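Peer 1: Using only what follows, build the 3D model:
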Amino acid sequence: MTNPIIISIKEPHLTNLEKKNISIYKPFGVIFFSRNIKSFEQIKNLISSIKSLSKQTIILIDQEGGIVNRFKNFPEFKFRNNYDFYEIYLKYPSLAKQLVYLKSFITNYHLSNLGINVNTIPVLDIPNSKTNSMIKKRTFGPNVSINSILTNILVQSSLDFGVLPVMKHFPGHGLTNKDSHFSKPTTNATLRTLNYQLSLFQKFIYLPMIMTAHIQYSYWDNQNIATYSPYILKKILRHELQYQGLIMSDDLMMKANDQTIEKSMELSNNSGLDIILDCSSDWGRYKFIINNFKKTDFFKNKNKVLSLKKVSKAQNKSININHYHDLYNELIKIYGI
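Peer 2: From the prediction side, this is the model:
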């Protein structure tokens, strides 16, 4: 059985230390960043190397498109920010839906062919006038109805290609002007406002993975960020929303997590987390997490949760993906957007 941790690696190839430790400790997942990506062939070789050491380890990426793009030098992944599609929807609803479909189809076609199992999308944060601009650009806008329409297109495309989506950042990153990558956000939002944020997650509560927010929601818990809050993860997510999937943390290396690794594990074991995401590439930290973070019943039954619809390679090979690229670019050009 794998261990409930998602790790990062330092290079486009595995170091000898990484090979040894992946073989021994068998992490649940390895997440790729731009530093790990040089070419399609190189990615396939890297994934093959990881799988040869730990067959059950899954490969993840955070490929939202737009400003969050791990394939920065690849024209195949050049797309607009999600918020742009919301603004397009206000004028041309059918066009926005078509563009999101094309973006999702192209992205998932390539991820599937490369052997990437999980993409940490969709962003289900609902922005308002105070939302941090970097977060806002990554969302499908403030209207829950429009947001859910565009998100559903994205999610269904992922599932069709067998690329598992991870909804984030529960219970919503849209209520703060701070970015949790760089500081610890806190919100004093009322229950009514918080429930509005939750309403979008409720529409996709069937998805098998969810990522927590490193934000303190004072109405619910005035001591812990959501990642470490039993009230938010156990009472609201598990009990009230009846979520049956796997709960993973956001990256513990983000500035919003101001706890030591020892305290982080203590809080994580009590909060209801199933999987730890740590992008330090530090095997000292990883060994500590593996030895101290307890496997939950949800994690032990993860194979039932993570059953995916598979797309055959033959089916993928029959797709003329250049046609989809050309159509996306032509629509952008025709409408002058």
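Peer 1: quick one: the helices in the protein?
Peer 2: For the chain, the helices defined by DSSP state H cover 16-25, 40-53, 82-91, 93-114, 133-137, 144-160, 191-203, 230, 261-271, 283-292, 297-300, 302-305, 313-317, 321-335.
Peer 1: Pick out the shakiest of these, pLDDT-wise.
Peer 2: Between those, the one with the least mean pLDDT is helix 313-317; it has a mean of 54.
Peer 1: Which one of the helices of the chain lies nearest to L60?
Peer 2: Proximity to L60 (Cβ to Cβ) singles out helix 93-114 among those, at 10.2 Å. Every C-beta, even on glycine, is put in place using the N, C-alpha and C of the backbone.
Peer 1: From E41, how far off is the residue nearest to the spatial centre of the chain?
Peer 2: Centroid-nearest residue in the chain, with Cα atoms, centre = their mean: T120, separated by 1.8 Å. Going from T120 to E41 by Cβ to Cβ, to the nearest Å gives 24 Å.
Peer 1: D160 now?
Peer 2: 25 Å.
Peer 1: higher neighbour count, those two?
Peer 2: Using other Cβ atoms under 10 Å as the criterion, D160 and E41 rank with D160 on top: 15 against 9.
Peer 1: Make sure Y231 is actually in contact with D221.
Peer 2: Yes - using Cβ atoms under 8 Å, Y231 is in contact with D221, at 5.0 Å.
Peer 1: if I look at the closest residue in space to L252 that isn't next to it in sequence, how far off is D160?
Peer 2: Residue nearest to L252 in three dimensions, not counting chain neighbours: D278, with 4.7 Å by Cβ to Cβ, 6 or more residues apart in numbering. Using Cβ to Cβ, one gets 31 Å for the distance from D278 to D160.
Peer 1: Next: I24.
Peer 2: 36 Å.
Peer 1: and if you look at S52?
Peer 2: 28 Å.
Peer 1: what's the answer for N117, then?
Peer 2: N117 is 14 Å from D160, by Cβ to Cβ.
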